[in-house]
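Trainee: Please work out how this folds:
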Amino acid sequence: MQRSVPKTRLIVRYKPSFNSASTAAAGAKDAGPAQAAAAAAALSRVLGAASSSFRGARALRVPRTFAIQAKDEAGAAELLAQVRKSGDVEFAEIDHPVYPLTLPSECGSSSSSSSSSSSSSSSECGSSWPEYWPLKAVRADRAWAKLPEFGGVAMQGAILDTGIDFKSTPELFGLIDRNKSTTCMDPNSTACSGTGLDTSFHGTAVAGIMAARHNSGDNTPLGVMSSASLVSCKMMNASGGYSSDAADCIYDMISKNAAAVLSNSWGDTESSTYLEEAVVYACQHDVLFIAAAGNERADVGNGSAYPAGFAGRPGMECVLAVAATDSSNNLAYYSNWGEQVQIAAPGSNIWTTYLTGTYKKQSGTSFAAPFVSGTALALRNLYPRLSAVQIKQVLTSSGSIKPGPSSTQPAAYISGMLLNVEAAQAAAAELASRLAPPPASPSPSPSPSPSPSPSPSPEPSPSLNPSPSPSPQQPPEPSPSPSPSPSPALPPFSSWSCKAASDCSTQLAAHPDINAACAVVACRAGRCSVRLRSHRIRCRIGSSFKTSAGNGSRAGKQKIDGQQLGYCEMTSGHCLQCMAGFHCSGSTPYCLAGTCVGCRKHGDCRKRTYRPYCLPGLQLCVPARQGAPAEGPLVPPVLLQPEPDEVVIATADAQLQSGP
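Mentor: Numbers count the residues shown, from 1 in each chain. As a prediction, this is how the structure comes out:
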C-alpha cells in the first residue's frame, strides 16, 4: 500500500534529572491521565516557546516519555536536533509510521450476511465450503472435529490494528470485551482512551479470521477458533499510524490482562527504540507476540520489516513472524521470508468479515498472522500451564508441510513449516501432560471426630508487578504501572520473603514444578530471586537437588543412583531428557516432547531393514505394522530452541533481566 503517514512525530524520553514541571509530573509512577495531560501541557509551553516547528505533545505510557508533534517533516528534523542538543534527554527519535500489511483486494465486491447464497456478489467472491480452503490447509477442521469448543475465554488475546467493528458484525457479537477495548492514537489527550471501534476494515477482517462464530449461518466466514474473548486496541487507521501508539497498545493490553496473545498485522521497514522496549516488556510478561512478516518480497533478516524482524533477538523470544502462503501451499508472491520467519499460514484470497455485516476476500501477510494468533490463543486456553514460549515452540515444531518457493522469488524460503492446527493441539496436549505435577497420593480417610476443625483457607499469593526493562542501560517504568498476571507455568517467586538464600532454597525445593538443579536462588532485599539454568546444565529427572545460592555457583553436579540424567529446560525449570533435537542417540535418536524416542513416523524407521514401521504410542521401530498409522506422527515432536545460558524469571525488585 502507499506509504502516506508523514514523519512529523518524535518520541522523546527526558532524563530524571531534567528539572521541569512537565517531566516531574510525568515521572510519577502513579501519575494518572490528568497528571499526564498536565505534563504534556507544561512541556508544550516549554517547547512552543523554543521552536516554531512545535505543534503539540502527548504523554506516553512510559514515565518521562512524550510523543511530540511537529508542523512538517522538515520541522520534525529541526526539532529533533534541538531536543538532542539540549542534553536533557535519554533518547529522542523519529516516531516511525506503521501500516496495515494488506494488499488491494483481489475480489471486487463484498457480500452481506443478509444476502442469499445465490446473489451475484456471493458468487463472485465465493462463499461455499471450497472457499474455506485455508482452514483445511491448516487442518483446523480436523481440530474442530476433536474439540468442538476449540477456544476459550479464560485467557484473553488482543488485536492491535484499526479497531474491530463489534457493533454490526454478527460473527463477532459477544466475542469482544468492550470494557477493555480502547484506542491508543491521536487525537486523544491521554495515551489510551476510546472504544477501539473499527471505521476502516482491516482489524475487523483480522478478528474474523481469528474467531468468527461458526453458528451464524451459511455462507459466512469461519474463524480458526470457535470461541474466544478478544480485546481491540486501535492504534492506526486505514492510512496507517505510529510506532509509539502501537507500543502504548502493548503496555495497555498487558496492564488489563488481555495479552495472552497479541496479534499484529502491521509494520514497516523501520522501528523505534520505544517500540522495541515494549516488545521486550511483552516477552517478559509471558505474552506471545504474533507478527505478520510483511509484503515486500524481502528477507526479514535484512532489517526490511518490523516488528517481524524482532524474531530471534535476545529478549524477544516470544515474537513469532508469520509468512503467507497461497492455495498451492507455496510462499505467496508478495510475502517476506527468511530464517527469522518460523511459520507460515494461508494469506491469499481469505474469506473473512468486513464492515457493517459484510464479507470480502483479503490478501496479505496481515491475514496469515491471525490464523496463527487464533490457534495460539486456543492452545493457551486449553493448556494454561504452558508458557508463551512453549506454545510458540509447539506451533513451530508441529508442522508437516514445507511451503514451496515463491512464484516471483524462486530462491525465497522460510525456516518454518505451514501451520498445522491439529498437530499443534496434539503436541500441546502431550507437552502439558508431561509438565503436569504428579497426582497427590490419596490419603486414608480419617476417623470421625466430634469436633472437626475447619481447614484454613489459603492466602492468595500477590501477583508480580514488574516495571518494564526494555534496555539494560535505562529500564523504563510504564505509567500507570501495568499489573499483569504472572505466567501460569511459574510460581510468584518474588512473593517469597527471605533472610538468606537458604530460605529461598527451602521454599523452591517444596515447589513441584521446578527441578532445583535447574535453578539458582538468591535473597535480595528480603525477597527471593530465582534464576533458571541453561539447557546445557545436567539434572536428574524427578530429583530435587540442593539448590545453589548466588549467581556464580553451579548446580546439578551431585549424583543420585537409579535416576536418569536429563537437561534443564530454561523456560520452565523442568528436567527433560532432550531439547532442540539434541541429546538423543543410539536406538532413541529423536526428541519428542522432551523425551528421547525411537521414531515419530514410519519414515524414521525406513533405514532399519528389519524394523521399518513405527509403533504408535511407544514410538519404537518394529518389524510389522501392528496397527501403526501410515502417515504422520501420533504426537508431533516439540523441538525446544537453543537459548542463552540463563534467564532471570523473577527478582526481588520484580524486574526481569538477562542473566550473565
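Trainee: The chain: helices as residue ranges?
Mentor: Assigned by DSSP state H, the helices in the chain fall at 21-26, 33-50, 73-85, 120-125, 133-137, 140-146, 202-211, 243-255, 273-284, 369-382, 388-397, 421-435, 501-509.
Trainee: Show me how the record splits the chain into domains.
Mentor: As assigned by the TED database, the chain contains the domains 9-95, 132-433, 501-532.
Trainee: In the last one, which residues are buried?
Mentor: Applying a neighbour-count criterion of 16 or more other Cβ atoms under 10 Å, the buried positions in domain 501-532 are 501, 503-505, 507-508, 511, 514-523, 527-532. Using the backbone N, CA and C atoms, a C-beta is placed for each residue, glycine as well.
Trainee: mind listing what residue 78 touches?
Mentor: Listed by Cβ atoms under 8 Å, 6 or more residues apart in numbering, the contact set of residue 78 reads 51, 53, 70.
Trainee: next one: residue 243
Mentor: With Cβ under 8 Å, 6+ apart, residue 243 has these contacts: 11, 95, 96, 97, 98, 271, 272, 274, 275.
Trainee: Same list as before, the residues you listed that is, but in CSV and with pLDDT and distance to residue 231 included.
Mentor: As requested, those are exported to CSV (pLDDT from 0 to 100; distance: Cβ to Cβ, whole Å):
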residue, pLDDT, distance to residue 231
11, 94, 24
95, 93, 24
96, 92, 25
97, 92, 24
98, 93, 19
271, 89, 24
272, 92, 23
274, 95, 21
275, 96, 19
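Trainee: ok so, going back, ok, and the most crowded of the contacts of residue 78?
Mentor: Taking other Cβ atoms under 10 Å as the neighbour criterion, residue 70 ranks highest of those with 25 neighbours.
Trainee: May I have the beta-bridge partners of that one?
Mentor: On the basis of DSSP bridges, residue 70 is bridged to residue 54.
Trainee: i'd like the first residue to be 885 from this point on
Mentor: New numbering, starting at 885: the last item is residue 954.
Trainee: Go ahead and confirm it touches residue 891.
Mentor: No. With contact defined as Cβ atoms under 8 Å, residue 954 does not reach residue 891; the gap is 9.1 Å.
Trainee: so where's the stretch 1385-1534 of the chain uncertain?
Mentor: The stretch 1385-1534 of the chain contains residues with pLDDT under 70 at 1395-1397, 1418-1420, 1426-1447, 1454-1456, 1463-1467, 1477, 1486, 1490-1494, 1500-1502, 1508-1534.
Trainee: the strands in it, which residues?
Mentor: For the stretch 1385-1534 of the chain, strands defined by DSSP state E, counting those that start in this stretch occupy the ranges 1403-1408, 1411-1416, 1422-1424, 1432-1433, 1449-1453, 1458-1460, 1474-1476, 1479-1481, 1497-1499, 1504-1506, 1531-1534.
Trainee: likewise the stretch 1085-1234 of the chain?
Mentor: Secondary structure of the stretch 1085-1234 of the chain by DSSP E, counting those that start in this stretch: the strands cover 1114-1118, 1120-1121, 1124-1126, 1145-1148, 1150-1151, 1172-1176, 1203-1209, 1225-1230, 1234-1237.
Trainee: again with the stretch 1235-1384 of the chain
Mentor: Remark: strands assigned in the stretch 1235-1384 of the chain by DSSP E, counting those that start in this stretch are 1242-1246, 1301-1302.
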